[in-house]
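# Based on what follows, work out the 3D shape:
(one chain, ligands or ions: 2)
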Amino acid sequence: MSNGKRAATVLFMPLRQLFDLVLPPRCPSCRVIVDGDDRFCSACYAALQFISAPLCACCGIPLVHDGGPDTLCGGCLAEPPNYATARAAFVYAGPARSVVLSFKHGDRQHLARLMAPHLLRASVGGITADSLVVPVPLHRWRLWERGFNQAALMATQLARLSGAKTCLDAMQRVKPSRKGPMDRAARRKNVAGAFRVRDKSVIAGRHILLIDDVMTSGATVAACARALKRAGATRVDVLTWARAVRVGDDVSGRNAGRSATHDSREADEKDSYGQG
Ligand SMILES: [Zn+2]
Ligand SMILES: [Zn+2]
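Ligands and ions are numbered 1, 2, ... in the order given. Sure thing, here's the model as predicted:
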C-alpha cells in the first residue's frame, strides 16, 4: 500500500478502529494483544480455574464428593452464615488473581466490565430487577488512599448488565482493617462491628446481592451480611470474582487439583490489603 493510500485509509477509518490501532485491546492478565476488549488471551483463559459443582450449598466452597445440591460443608453446618449463598466465579489464582491485583493496585478500573458477566454467571438463580446490588464498603481512609472502591465499580457494572438496582453507599465501614496475615479467628475479630448500614429503610424488606472482589475466609462478607440482616434484608446472597481456596480444599471442575498450590499465602496477601 502506498503512503498516500495508507494515509487515506487511516483518515477514513472509524474512530473505534483507529483507537484499536493506537491502543489495541490487551489481555487483562498477561497484556498480549487480543482481538476484543475485556477478553483474556486463549492461554490465560485456559489457565482460569472456574469454580463449579459440587459445592457447599451455602458458602460455595468446592466439595470433594457430590452429595447433592443441598449439601453443606462442615463450617456451614457448625455455624450457618448470615447469608443465604456465596458464590465466586474463579479460584483466586493465576489470571483471576492478576486481574484483581491490577484492578485494585494498577488503577485499571475498566476491568470491572470484564468481571460483571462472570459474576452474573456465578450467581445462584440469576439476578432479578428486584435485587439490590450492594458493594462491600471500604473504610474512608482506604478509599482516600486508593481513590475508588473496586467492589462499587463491580456492583455498578453488574447492575448495568442485569437490570438490577444498586445502592453504592448502602453500607459503611466504620472500623479500619488491620493489615498483615491473619488466622481465621483474627480475621473474624478484625471485622467484628466493622460494618453498618447507612439507612435501614433502603435495606429493609429487600433481597441484597453483596459484591466483593475476593472472598478469603468469608469473615468480611459474613460481617456485612449480619449488618444487612439486622437492618431488615430478607435475604443476602454474596457474589465475588474469586475465592481463595486453601490446601486441603478440593476444587472440582476445570483444572481441578492445581488450586491447592495457591493457598493461604495468597489469602494472606489479599488480607494484607485489608479484606477477608
Ligand atoms: Zn493472557
Ligand atoms: Zn459451606
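# ok, residues contacting stretch 113-127?
Outside stretch 113-127, the residues within contact range by Cβ atoms under 8 Å, 6 or more residues apart in numbering are 28, 37-39, 51, 84-85, 87-90, 99, 103, 133, 154, 157-158, 160-164, 209, 211, 213, 237, 239-241. C-beta: built from backbone N, CA, C; applies to glycine.
# Quick one, which of the residues you listed are buried?
With burial judged by 16 or more other Cβ atoms under 10 Å, the buried subset of the contacts of stretch 113-127 is 28, 51, 84-85, 87-90, 99, 103, 133, 154, 157-158, 162, 164, 209, 211, 213, 237, 239-241.
# residues from the chain in reach of ligand 2?
With Cβ under 5 Å from the ion as the criterion, the chain comes near ligand 2 at residues 56, 58, 59, 73, 76.
# Roughly how far does residue 167 sit from residue 79?
Residue 167 sits at a distance of 28 Å from residue 79 (criterion: Cβ to Cβ, to the nearest Å).
# Tell me which of those two has more neighbours.
Here residue 167 and residue 79 are set side by side on neighbour count (other Cβ atoms under 10 Å), and the busier one is residue 167, at 18 against 8.
# Convert the C-alpha atoms of stretch 32-42 to PDB, please.
Extracted C-alpha coordinates of stretch 32-42, given in PDB (Å, rounded to 0.1, in the frame of the first residue of the first chain):
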ATOM      1  CA  VAL A  32      -0.600  -9.700  25.000                       C
ATOM      2  CA  ILE A  33      -2.800  -8.100  22.300                       C
ATOM      3  CA  VAL A  34      -6.200  -9.700  21.900                       C
ATOM      4  CA  ASP A  35      -9.000  -9.300  19.400                       C
ATOM      5  CA  GLY A  36     -11.500  -7.500  21.600                       C
ATOM      6  CA  ASP A  37     -12.000  -5.500  24.800                       C
ATOM      7  CA  ASP A  38     -12.400  -7.300  28.100                       C
ATOM      8  CA  ARG A  39     -11.200 -10.600  26.900                       C
ATOM      9  CA  PHE A  40      -8.500 -13.000  28.100                       C
ATOM     10  CA  CYS A  41      -6.000 -14.400  25.600                       C
ATOM     11  CA  SER A  42      -6.500 -18.100  24.900                       C
END
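# right, is that stretch up against ligand 1?
Yes: part of stretch 32-42 sits near ligand 1 under the criterion Cβ under 5 Å from the ion, namely residue 41.
# from the chain's centre, how far out does that stretch sit?
Computed by Cα atoms, centre = their mean, to the nearest Å, the chain-centroid distance of stretch 32-42 equals 20 Å.
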